[in-house]
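> Show me how the following folds:
(one chain, ligands or ions: 1)
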Amino acid sequence: MTQPRCVITIVTVFPELFENWLKTSLLGRAQESGLVSVNCLRLSDYVAPKQRIDTPMCGPGAGMVLKAPVVAAAIDDAFARYGRGRVIFFTPSGQLLTQRSCQTMAAEYFGEAVMADSTSSSIHLVLVCGRYEGVDCRVIEHYNGIEISIGNYVLMGGDLPAQVFLEGLLRYVPGIVGDAQSVEHDSFTGPFVDFPAYGQPNEWCGKSVPPVLLSGDHARIEQWRTDTALTRTVQEHFSWLRTSALSSALRQAVAKKIPAHYVVLMHDQVLIGRKDPVPGTTSVTTIDVHDIARTSATYGVKKFYVVTPLHDQKELLRVFFEFWHTDQGRNYNENRFDAMRCVQVVNSLAEAEADIAAQHNGQNAIKIATSARPVQGVRSLAFDEQSVAWQSERPIALLFGTGQGMTQELLETCDFVLTPIHGFSAYNHLSVRAAVAIILDRWLGYFEPSR
Ligand SMILES: C[S@@+](CC[C@H](N)C(=O)[O-])C[C@H]1O[C@@H](n2cnc3c(N)ncnc32)[C@H](O)[C@@H]1O
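As a prediction, the model looks like this:
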């Protein structure tokens, strides 16, 4: 047999945890075929009999660490046997393992050794599994180690993380997973999760395989798969999707799957007065209307309703829109004219709600309130919980208060309230137009990754 192209050494307190796993499944087959060779080194083999592999952590408090000379002796032995290589340490505080990082590391480690040609030299990875409070940190520094975490939780040892890492990484080595296409379609490989999988029988427990999948029409099946993968990703993994690299065509496709959003600016049913606020109405500020319209257009909001029952305020807005809703505004600045088209002045929230329902076959909007303070009696949503509001595919109305914020009575009519926005300072008095901009960005924004 030719020399394996990837040699992996696992340094662990418990090699027996790897025995069955290494013999089983695709990894077993990969080893049989000579693509990979995995070896385990037992840490206790690097101390004299009756010597300990661990030592109390320096400083006060309980906890043991794996001794630096012991771990180093095992790593040096791995280098002596299979050549120098990259040393990977598993630690909860390391770089988070993701599909993207598996792909990048596979390309980096195996790119030349494995993917280009079979005659090039093999790659050696040494995986160090921590136990107790982990490995003495000087070892990591000494070997210029890479620290990997498999998630923001703490396990008892690095053995499962090492297995998780290898399963993720080795899927990208050609020849290990038989069908390269299944890797390409994997969830989180591109911007989308995989489409739902069905198998035989066609009927099971009253549930049928979607007829399109049995149609034999490959183009329609492909379309269905793309569409369902897109819907699932938008509804259930928006945080992932919004940080993925997306072409403008894909961004448009995503936009079509996000439920319609409306912004409602309340100048009624708000609290007024600084000392002992009471329910009342507030005056309209045209700069707010102007800026919120531009922010709404940027984030794809369908309409921005300004709610005021006051005649003089409506008159003020009439004059304002005499400019912005006519050729005067268009000739002055076409982009702002476009944004201003989404603004509608209404007497009440009920009028805005009825208008939204009329645009969605009578479907009522889900009302999401915003507040600078925590609100009692309304279910609170964090800025990564879009899935909770989006799954019903109903339109969404985001309500913003003016004055001292919306009244408790109004807040209690809402389905959800978004968590207040804060910085790390004690000051928390944003203008409503700034709050709308921040909230729309947190809720609907796209965060382009670096390339
Ligand atoms: C009990 S943990 C030590 C936790 C350590 N005190 C901390 O909070 O970072 C023991 C070992 O389990 C492994 N481990 C636990 N959780 C992990 C995770 N999420 N990712 C990678 N390794 C992990 C590491 O090898 C670690 O050294």
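> Would you mind naming what in this protein lies close to the ligand?
Within the chain, the positions adjacent to the ligand are 90-93, 129-131, 133-134, 149-151, 153-158, 161 by C-beta under 6 Å from any ligand atom. C-beta here means a position set from N, CA and C on the backbone, and glycine is covered the same way.
> out of those, which are inside helices?
Mapping the residues of the chain next to the ligand onto helices (DSSP state H) picks out residue 161.
> Narrow the residues of the chain next to the ligand to those that are buried.
The neighbour count (16 or more other C-beta atoms under 10 Å) marks 90-92, 129-131, 134, 149-150, 157-158, 161 as buried among those.
> Out of those, the closest to residue 199 would be?
Nearest to residue 199, judged by C-beta to C-beta, of these is residue 150 at 29.2 Å.
> Confirm for me that that closest one is in contact with residue 163.
No - applying C-beta atoms under 8 Å, one finds residue 150 not in contact with residue 163, separated by 9.5 Å.
> show me where the stretch 101-250 of the chain has helices.
Taking DSSP state H, counting those that start in this stretch as the criterion, the stretch 101-250 of the chain contains helices spanning 137-142, 159-170, 180-184, 218-236, 238-241, 248-257.
> could the ones you listed go into CSV alongside mean pLDDT?
What follows is these, written out as CSV (pLDDT from 0 to 100):
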stretch, mean pLDDT
helix 137-142, 98
helix 159-170, 95
helix 180-184, 71
helix 218-236, 96
helix 238-241, 95
helix 248-257, 96
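> Pick the most buried one from these.
Comparing the helices of the stretch 101-250 of the chain by mean neighbour count (mean count of other C-beta atoms under 10 Å), helix 159-170 ranks first with a mean of 21.
> For it, what is the distance to the chain centroid?
Offset of helix 159-170 from its chain centre (C-alpha atoms, centre = their mean, to the nearest Å): 21 Å.
> Please export the C-alpha coordinates of that helix as PDB.
Extracted in PDB, the C-alpha atoms of helix 159-170 (Å, rounded to 0.1, in the frame of the first residue of the first chain):
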ATOM      1  CA  ASP A 159     -12.200  13.700  22.300                       C
ATOM      2  CA  LEU A 160     -15.700  14.300  21.000                       C
ATOM      3  CA  PRO A 161     -14.500  17.700  19.600                       C
ATOM      4  CA  ALA A 162     -11.700  15.900  17.800                       C
ATOM      5  CA  GLN A 163     -14.200  13.400  16.300                       C
ATOM      6  CA  VAL A 164     -16.500  16.200  15.300                       C
ATOM      7  CA  PHE A 165     -13.600  18.100  13.700                       C
ATOM      8  CA  LEU A 166     -12.400  15.100  11.700                       C
ATOM      9  CA  GLU A 167     -15.900  14.300  10.400                       C
ATOM     10  CA  GLY A 168     -16.400  17.900   9.300                       C
ATOM     11  CA  LEU A 169     -13.000  18.200   7.700                       C
ATOM     12  CA  LEU A 170     -12.600  14.900   6.000                       C
END
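> tell me the domain boundaries of the chain?
Annotated domains of the chain cover 6-184, 186-198+210-257, 259-444 [automatic domain parsing].
> Can you flag the weakest of these by average pLDDT?
Sorting the domains of the chain by mean pLDDT places domain 6-184 lowest, at a mean of 90.
> got the end-to-end distance for that one?
22 Å (C-alpha to C-alpha, to the nearest Å).
> measure stretch 195-202 end to end?
Using C-alpha to C-alpha, one end of stretch 195-202 lies 17 Å from the other.
> Begin at 53 from now on, thanks
That works, and once the first residue is 53, the last one we named lands at stretch 247-254.
> For stretch 337-348, give me every contacting residue.
The contact list for stretch 337-348, computed with C-beta atoms under 8 Å, 6 or more residues apart in numbering, reads 315, 317, 355-356, 358, 368-369, 372, 376, 388, 391-392, 394-395, 452, 454, 483-485, 488-489, 492.
> Can you tell me which of these are buried?
Buried subset of these (neighbour count, 16+ other C-beta under 10 Å): 315, 317, 355-356, 358, 368-369, 372, 376, 388, 391-392, 394-395, 452, 454, 484-485, 488-489, 492.
> Who are the contact partners of residue 374?
By C-beta under 8 Å, 6+ apart, the contact set of residue 374 is residue 380.
> cutoff 10 Å now
Contacts for residue 374 were tallied using C-beta atoms under 10 Å, 6 or more residues apart in numbering; they are 380-381.
> likewise residue 218?
Going by C-beta under 10 Å, 6+ apart, the list of residues near residue 218 reads 58, 60, 62, 70, 73-74, 79, 88, 90, 154, 177, 179.
> separation between it and residue 73?
Per C-beta to C-beta, to the nearest Å, residue 218 is found 9 Å from residue 73.
> Could you do residue 158 as well?
When distance is defined by C-beta to C-beta, residue 158 is 19 Å away from residue 73.
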